[in-house]
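Participant: This is a predicted model, with the sequence first.
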Amino acid sequence: MRRLVPALCSLGLVAVVATTTQAAAAARRDVSNVDLQDTAKAKVPKPPRTPAADSVRLDKRAKDAGGRPLFTSRDPLPFTLTANFGQISRERDSTSKKEFEGTLVVRDDAGADRSIKVRLRTRGHFRLMARTCRFVNLLVFFPDKGLKGTPFEGQKSLKLGAHCQNDSKYEQYVLKEYLAYRIFNLVTEVSFRARLSTGTYVDSASGRPLQTRAALWIESEADVASRARGQMRDLRRALFADVDAPTLDQMALFEYAIGNTDWSIYALHNVRVIRQDNGNVLPVPYDFDFSGLVDASYAIPPPQLAIKSVRERLFRGPCRPRDVITERLTLWQARRAAILNEVGQVQGLEPREAQYTREYLTEFFDMINDPRQVKRAFIDGCLDKPGA
């Protein structure tokens, strides 16, 4: 019996080893089969991209972006935003990525109040400085779910333009900057859309409402690019020759019309660029509070431009032959009535401000009908250098 024990143990060990070896071999076969299957899957070629397929893809993106509910209505959108505005107002670093929790309440399609958890970040440069604005502009990040049926359906993040100071004068600035966006929308679809709103701000720390003021939601860069059938690109140091000429010229004329010199394609200052699949690069302007149209009390022109006031127009576009300038201005002449009519469509704009603004725009339209003034402003006064 004692002699049998080692023998039996030995046989048991052999059996275990054999079983283990067989299991390992089976596992290797399974792994090999999986590898073969994965390899087979990996080797399945993707369908080749074709111009027709690309066109369908771009069309869908453009349609989706163009149909966002937030920008399909002109009516001012009321909302309530609750957050710790004491903490937010202390975040004045333009490079900061710090985010704050907030709750945005807005009415949905059925007329019911919908509460949306959002994240907030301060943004800007000049208006982020405490000496300029007590209430800062914000970047609002939306959740992935829970937006269906609300004006913010389809949005991921949006810039919110606020009133800066608790003063009715500053509220008028918001309304006139909204008008600037609307004017450029009438000139070209390659432009940021904006939605006028009435925002009520509630401090979460104290629970009390702070104020209710005009506000401005600005279309996302991704949607602007999609509507233009392209993508936003961080193309710094671009020169005039690097971008689409007709788009650049209309942008430069628009900036002249509203009296804005606070932009640069080269530095991507208040300008974004879209690159289309065909290689075209389209400049798109934004941020117009330093324009003569808005005429903010804090806005002063750079000393190197040698103009005394932002109300004084200065053309900063490229030099073009006279026939090209004449052709570009034809579009503005055709839009005169629509643009002047737009002034009266801005709800909340005080009559005195509306008249002041209408006169400023009429001055531009009268000027572009005078050949001598056209020559002085756009031929003799063009920017005779590679870029701006």
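Facilitator: Cool, the structure landed.

Participant: before we move on, could you check phi and psi at Ala112?
Facilitator: Per-residue torsions, Ala112: phi -90, psi 150 (degrees, to the nearest 10).

Participant: To clarify, my last question referred to Asp295.
Facilitator: For Asp295, the backbone dihedrals (degrees, to the nearest 10) come out as phi 60, psi 50.

Participant: Show the pLDDT at it.
Facilitator: At Asp295, the predicted lDDT confidence score is 97.

Participant: gap between it and Leu349?
Facilitator: Separation of Asp295 from Leu349 (CB to CB, to the nearest Å): 13 Å. C-beta: built from backbone N, CA, C; applies to glycine.

Participant: Now do the shared contacts for these two.
Facilitator: Common neighbours of Asp295 and Leu349, counting by CB atoms under 8 Å, 6 or more residues apart in numbering, are Lys176.

Participant: Isn't Leu147 up against Glu153?
Facilitator: Yes. Using CB atoms under 8 Å, Leu147 makes contact with Glu153 at a distance of 4.7 Å.

Participant: Those two: which is more packed in?
Facilitator: Leu147 (19 against 16; other CB atoms under 10 Å).

Participant: per the record, what domains does the chain have?
Facilitator: The chain breaks down into these domains under automatic domain parsing: 60-221, 231-379.

Participant: ok, which stretches of the stretch 151-300 of the chain are helices?
Facilitator: Using DSSP state H, counting those that start in this stretch, the helices found in the stretch 151-300 of the chain span residues 168-187, 221-227, 245-257.

Participant: does Glu353 count as helix, strand or coil?
Facilitator: Classification of Glu353 using DSSP: H, G, I helix; E, B strand; the rest coil returns helix.

Participant: Oh, that last question was meant for Val106, not what I typed.
Facilitator: strand.

Participant: so what's Ser191 closest to, chain neighbours aside?
Facilitator: Leaving out its chain neighbours, the residue that sits closest to Ser191 by CB to CB, 6 or more residues apart in numbering is Phe184, at 4.4 Å.

Participant: Off-centre distance for stretch 59-79?
Facilitator: Distance of stretch 59-79 from the chain centroid (CA atoms, centre = their mean, to the nearest Å) equals 13 Å.

Participant: Convert it to CSV, retaining C-alpha atoms only.
Facilitator: Below are the C-alpha coordinates for stretch 59-79, written out as CSV (Å, rounded to 0.1, in the frame of the first residue of the first chain):
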residue,chain,number,x,y,z
ASP,A,59,-25.1,68.7,-46.4
LYS,A,60,-26.3,66.9,-43.3
ARG,A,61,-23.9,68.8,-41.0
ALA,A,62,-25.0,72.1,-42.5
LYS,A,63,-28.7,71.2,-42.2
ASP,A,64,-28.3,70.1,-38.5
ALA,A,65,-26.3,73.2,-37.6
GLY,A,66,-28.7,75.6,-39.5
GLY,A,67,-31.7,74.1,-37.7
ARG,A,68,-30.7,74.5,-34.1
PRO,A,69,-33.8,75.8,-32.3
LEU,A,70,-31.9,78.6,-30.5
PHE,A,71,-31.4,80.5,-33.7
THR,A,72,-34.6,79.8,-35.5
SER,A,73,-36.5,82.5,-33.6
ARG,A,74,-36.0,86.3,-33.3
ASP,A,75,-38.0,86.6,-30.1
PRO,A,76,-35.9,87.5,-27.1
LEU,A,77,-35.4,84.4,-25.0
PRO,A,78,-36.0,84.7,-21.2
PHE,A,79,-33.9,82.5,-19.0
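
Participant: Counting neighbours, what do you get for the nearest residue to Ala299 once chain neighbours are set aside?
Facilitator: Among residues not flanking Ala299 along the chain, Phe290 sits closest, at 4.4 Å (CB to CB, 6+ apart). Counted with other CB under 10 Å, the neighbours of Phe290 add up to 22.

Participant: Surely Phe290 and Asn260 touch.
Facilitator: Yes. Phe290 lies in contact with Asn260 (CB under 8 Å); the separation is 6.3 Å.

Participant: Please enumerate the shared neighbours of the two.
Facilitator: Joint contacts of Phe290 and Asn260 (CB under 8 Å, 6+ apart) are Val310.

Participant: Same list (the domains of the chain) but as CSV, adding distance to Pro51.
Facilitator: Listed next are these as CSV, based on distance: least, CB to CB, whole Å:
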stretch, distance to Pro51
domain 60-221, 15
domain 231-379, 9
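
Participant: next structured bit after the helix or strand containing Glu327?
Facilitator: Element membership for Glu327 (DSSP states H and E) is helix 322-334. Once the chain leaves helix 322-334, the next helix or strand it forms, by DSSP H and E, is helix 336-343.
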